[in-house]
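Enquirer: Below are the sequence and a predicted model for it; my questions follow.
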Amino acid sequence: MNETIKTSFWVMLYSVLAGTCLALFMIIPSFEKYLFSLLSIYIAIRYFRRFETIGKRILFLILALFFSFFTVFCVTAYRYVKNPEQFAVMFVS
């Protein structure tokens, strides 16, 4: 397997995992959300130990933030489709 493809796969995998954990941290209102915060920190530490170049680290952070916001957007859109009355308060002037 080509080394750049392998590296790209690992960057995407770590970013998706960390982004999903960050999104769950933002969505869940109870105490369990802090477990996802710790898990995302653990994933970032594992990634930083594996890849030592600055460019790959910056790419990981940008992609993790992108995936976290994308996941929050998808969950919010799903909740809106399932229960639009919950969001009706936001549009009343």
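Expert: Looks like it arrived, so ask away. In this text the structure is predicted, and so the values were computed from the model without any measurement.

Enquirer: C-alpha from now on. contacts and neighbour counts both.
Expert: Noted.

Enquirer: chain center to the strand or helix carrying residue 71, what's the gap?
Expert: Using DSSP states H and E, residue 71 falls within helix 54-82. When C-alpha coordinates are averaged (C-alpha atoms, centre = their mean, to the nearest Å), helix 54-82 and its chain have centres 5 Å apart.

Enquirer: which stretches of this structure have low pLDDT?
Expert: Using pLDDT under 70 as the threshold, the predicted model of the chain has low-confidence ranges 1, 90-93.

Enquirer: which residues sit in contact with the residue nearest to the spatial centre of it?
Expert: Nearest to the mean C-alpha position of the chain, counting by C-alpha atoms, centre = their mean, stands residue 19 at 1.3 Å. Taking C-alpha atoms under 8 Å, 6 or more residues apart in numbering as the definition of contact, the neighbours of residue 19 are 40, 63, 64, 65, 66, 67, 68, 69, 71.

Enquirer: of all those, which comes closest to residue 12?
Expert: Within the set of these, residue 63 lies nearest residue 12; the separation is 7.6 Å, counting by C-alpha to C-alpha.

Enquirer: That closest one is in contact with residue 15, isn't it?
Expert: Yes: the pair formed by residue 63 and residue 15 meets the contact definition of C-alpha atoms under 8 Å, at 5.7 Å.

Enquirer: Alright, calling it a day.
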